[in-house]
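Colleague: Next comes the sequence, and after it the predicted model I'd like to discuss.
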Amino acid sequence: MPPQLLSDSIEVGIVTTNMATMRAFYGETLGLKYESELSFSGGIMHRYHLGGAIIKLVSYDEAPAADVIAGGGFSAKGYRYISMGVNGLSAWFTELKANGVEIPVDVTAFADGIGFGFIADPDGNWIEVFGVL
C-alpha cells in the first residue's frame, strides 16, 4: 500500500562543502526564491523553490569522503541531474555564459522552437535546462 503523501512535489538534496558559492549560484545566478534555513544536528540546510519543487543545499559538520562525480548522465549511474524548463532558453544561456557559468552542453534544438542544454553549478552538478528557444 503506498504512503499518504504530504506533498505532490519533489525535494532534491545537494550536499556541498562550498555553501556560500552554491547559495549565490542557486539564489542569485538562477534566481530561485529562498525559503528558509534549517539547522540540524550535524549540519545546516538552505531551501530554495524551483517551481513546486524544493532544492535543498546541505552542508554537514563533517565533510563527505567523496567529491561530486561531474558529468551528468554520462559519468555515472544513479541520480545524475535535475531539469528545469524556461522561456527564452538561448538568451538565458547567453547571459549565463557572460556571467561565467559553466555550460557543458550548449543549447541544442530538438524540435521546432524547442531546445535543451546543460549548465553546471559551482560544485560540478549538472542541471538540464529545456524550453522555448
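Modeller: Structure's in. What do you need? Computed from a predicted structure; not experimentally measured.
Colleague: how about the longest strand along the chain: buried residues?
Modeller: If you go by DSSP state E, the chain has its longest strand at strand 102-111. Buried residues in strand 102-111, counted by 16 or more other C-beta atoms under 10 Å: Val107. Where C-beta positions appear, they are placed from N, C-alpha and C, glycine not excepted.
Colleague: domain parsing for this structure?
Modeller: Domain assignment for the chain by automatic domain parsing gives 6-63, 81-133.
Colleague: For Ala70, find the nearest of those.
Modeller: domain 81-133 (3.4 Å; C-beta to C-beta).
Colleague: can you give me how far that closest one is from the chain middle?
Modeller: 11 Å (C-alpha atoms, centre = their mean, to the nearest Å).
Colleague: Would you map the helices across this structure?
Modeller: Assigned by DSSP state H, the chain shows helices spanning 19-24, 89-98.
Colleague: want to try JSON lines for those, with mean pLDDT as columns?
Modeller: Shown next, in JSON lines, are the helices of the chain (pLDDT from 0 to 100):
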{"stretch": "helix 19-24", "mean pLDDT": "98"}
{"stretch": "helix 89-98", "mean pLDDT": "98"}
